[in-house]
Each structure stands twice: as structure tokens, then as C-alpha cells.
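> any chance you could fold what I've pasted below:
(one chain, ligands or ions: 1)
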Amino acid sequence: MESVIHDAEDIVDPKAAQAAVSTGRLPSDEAVRAALSRVHRRFRDDRGGKVADYIPVLAEADPELFGIALAHVGGSLHAVGDAEHLFSIQSVSKAFVFALVDQELGHHTVRRRIGVNSTGLPFDSVLAVELNHGSPMNPMVNAGALATAALAPGDSPEERWEFVRRGLSRFAGRELRLDQRVYASEAATNQRNESIARLLDSYGVLARDPATTTDLYTRQCSLAVCVRDLAVMGATLANGGVNPLTGDRVVSPGVCRDTLAALATSGLYERSGDWLYEVGMPGKSGVSGGIVTVAPGKGSIAAFSPRLDPAGNSVRGQRVTHYLSGALGLDLFASTPHPGSGG
Ligand code: GLN
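Numbering: from 1, shown residues only. Reported below is the predicted structural model:
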């Protein structure tokens, strides 16, 4: 269904919209460091959740791994715990590949071809595609991520993979590499994603053939990152598209807000409402245990802990982010009365 807001787009003054940005600052570096140590200590012994095992290699992850990083838009980076441990980015990649494709195709085209409404169903739902008459629905579930990957520019699979790999590397500020073991394990057990791609193709909504699209999506999920990388990637989205460590302009400010809006509705799948209600910021999770959360104009929190809730979201990652959102004043929906307004 077309959005009625889309029809009214010409009433928005683009200059005024550019000026309307999230304001406020992160607390001092010392306060951030103290909060990270506190929250790491607080949840170190929390063993809630279960490591993902539907992709065989993911079941081998050490469940005790636990890292947190926070990147500030001013360029400082703080980390505690297993902050250098490499893991596959999995679904967290969806946010950044969407941003790269939005940058290429634009706000209206990505909305029309992928969608931005939540499904209320699990990330790998086939039923969601059927219930929505072949719409991929949003870029953060597998159907939408496959539709997004199919829109990556390039004349060959290699060029399209390089577009994704290089783009995500620019977000991270370093060259990211494929984890070959994860890729091989996932490619060998990928029947469900292949089916979703074929189903989308049967509705005529996939821009490329299902097999190469699924392969590109599987590769993007198999890129190796550490929790520091995720924090820098998120901070680039918090910083109008400029990587705060390298100064590289990766995407436009408009693409950042599009991406964060899409994350707010569906970054944690069917738990996105609970997440927004508790944490008050857009976030994206992945089944290897990473979660990246973005405070626009301020910075980004990334957490890594492989034990997941039943929806596939890191349990400790959610608890840590909830704590930090409150402790550092990051909830986008929180306000206090204006001093002159009484009360
Ligand atoms: N590669 C995984 C899959 O497609 C990613 C899922 C996730 O992280 N939620 O199943």
C-alpha cells in the first residue's frame, strides 16, 4: 500500500528538514568509561538465553564472550571486555547494506521496492511474504534484506560483493573480510533463505536472480567484525554519514535518518516495539550476538554476547543497551519540562 505521507512530500521544506536534527551531547569520556565498566560488571555473570545453532558454525561460539563498545561522533571510542573478538556480522549487516542501497537509489525508490513497515513475525518468516502479497516489507527481515541485496549496483556478482564489502568497510573504518568458515557453513544450510528469495522472485519483486542474490546476502552476513567495528559503524549513522574516526563521508545525512527510521520499526524483528519502548533508540541485532544502537547526533553503543532470546536478539546485549540508554541519557523519547513552563 502506498503511504499517504509520500503523497504529501512537497509540503516539507527540505532546508528546514535538514536543520531539524537530534540535539544534546553524550556525558564526558570519564562518565562514559565508568558507565561501561559498571554495566559490564553488572551483567558479566548473566547467563540468560541460548547460542544460535541453526547455522552449524554459530553453535561453536563461546557463550561467555562479552564485549561492549561506545563510539562518540567526536571520534572517541571506549570499550570493555571482549572488544577485539571477531564474529560474523549476520543481520547487523542489513542496516548498512540498506544504507548503501538507499544512497544509490534514494528515499522513495527504496520505500517502494523494499518497504519500511514491520511484519510482527520472525526474521526468517516465509509466511510474512505470503501474508503481504509478495512484499519484502522492510530491509531488516531476511525477505527485505534479500530484496535490498538484489538492488546492489554492479555488472557481476564480484562487483556487487565488492560494493557491499567496501561499503561496510568504510562504515567500519577498516577493511572487513569474509569469515570463510561461517560463509561455508551458512551457504550449506541456507535452504530457507533460498526459498524466500525464490518466493519473492515468483512475485516478480526481486531485482536479480534468487541464487546470486542469496549468495550475496550470505556473504554480507559472513563478514567478520568486532564490537568496536560495530560501534564505529553505528556512530557513522549517528554522525550524518561521516565516519567519525576516518572522516570519510560514507552516506548522506538523509540516508542515515532513513536507515534509523527503518531500524526503529523493525531492527529487532517482532520485538522491535518492546525494544523501542524500553531503550528508546533504533537498534539492529544479529544471530551471532551483536547489537548496534544509534543515538543520532551523539554516538553508538555496540554489544556482543552470543546468548540469544527466542527472537534471535542477544540477551545481555539488550540488557546492557537498556542500562546505558538510561545511564547516559540517550532515550530519544525522554524529555523534562521546559524551565519556564511551570509544573
Ligand atoms: N544470516 C542469518 C540468516 O539469514 C542472519 C539472521 C540474523 O542475524 N537474524 O539466517
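> residues contacting the nearest residue to Asp229 once chain neighbours are set aside?
Counting by Cβ to Cβ, 6 or more residues apart in numbering, Asp229 lies nearest to Ala172, which is 4.2 Å off, once chain neighbours are set aside. Just so you know, the C-beta spots here come from the backbone N, C-alpha and C atoms, and that holds for glycine as well. Contacts for Ala172 (Cβ atoms under 8 Å, 6 or more residues apart in numbering) come out as 225, 229, 232-233.
> show me these that map onto strands.
Val225 (DSSP state E).
> so which of the contacts of Ala172 is the closest to the ligand?
Val225 (12.6 Å; Cβ to the nearest ligand atom).
> surely that closest one touches Val292?
No. Contact criterion Cβ atoms under 8 Å: Val225 and Val292 do not qualify, at 9.7 Å.
> higher neighbour count, the two?
Remark: of Val225 and Val292, Val292 carries more neighbours, 34 against 31, as counted by other Cβ atoms under 10 Å.
> and the pLDDT for the closest residue to the ligand within the stretch 1-150 of the chain?
Nearest residue of the stretch 1-150 of the chain to the ligand (Cβ to the nearest ligand atom) works out as Ser91 at 3.0 Å. Predicted confidence (pLDDT) for Ser91: 98.
> could you check how far it is from Thr336?
Plainly put, Ser91 is 35 Å away from Thr336 if you go by Cβ to Cβ, to the nearest Å.
> over to Arg228?
Counting by Cβ to Cβ - Arg228 and Thr336 are separated by 33 Å.
> same check on Asp215?
For Asp215, the distance to Thr336 - Cβ to Cβ - is 50 Å.
> what about the two, which has more around it?
Asp215 (20 against 7).
> and the strand or helix carrying the more buried one, average pLDDT?
Assigned by DSSP states H and E, Asp215 belongs to helix 210-221. Confidence for helix 210-221, expressed as mean pLDDT, is 98.
> contacts for it next, please.
88-91, 93, 97, 142, 145-146, 149-150, 152, 157, 160-161, 164-165, 168, 178, 182-183, 186-187, 190, 193-194, 197-198, 200-201, 206, 286.
> where's the closest residue in space to Asp248 that isn't next to it in sequence relative to the ligand, distance?
Take Asp248 and drop its neighbours on the chain: the residue closest to it by Cβ to Cβ, 6+ apart is Arg170, 5.4 Å away. Distance of Arg170 to the ligand, computed by Cβ to the nearest ligand atom, to the nearest Å: 22 Å.
> surely Arg170 is in a strand?
No. Using DSSP: H, G, I helix; E, B strand; the rest coil, the assignment for Arg170 is helix, not a strand.
> where does the prediction get shaky in the stretch 151-300 of the chain?
The stretch 151-300 of the chain contains no residues with pLDDT under 70.
> can I get stretch 49-62 as CSV, trimmed to CA atoms?
Output of stretch 49-62 as CSV, limited to C-alpha atoms (Å, rounded to 0.1, in the frame of the first residue of the first chain):
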residue,chain,number,x,y,z
GLY,A,49,19.4,-17.0,26.6
LYS,A,50,20.8,-19.6,24.2
VAL,A,51,23.5,-19.5,21.5
ALA,A,52,22.1,-19.8,17.9
ASP,A,53,22.6,-23.3,16.4
TYR,A,54,20.6,-23.3,13.2
ILE,A,55,23.8,-22.3,11.4
PRO,A,56,26.2,-25.1,12.5
VAL,A,57,29.3,-23.0,12.9
LEU,A,58,27.5,-20.4,15.2
ALA,A,59,26.8,-23.2,17.7
GLU,A,60,30.6,-23.3,18.4
ALA,A,61,30.6,-19.8,19.8
ASP,A,62,31.9,-19.4,23.4
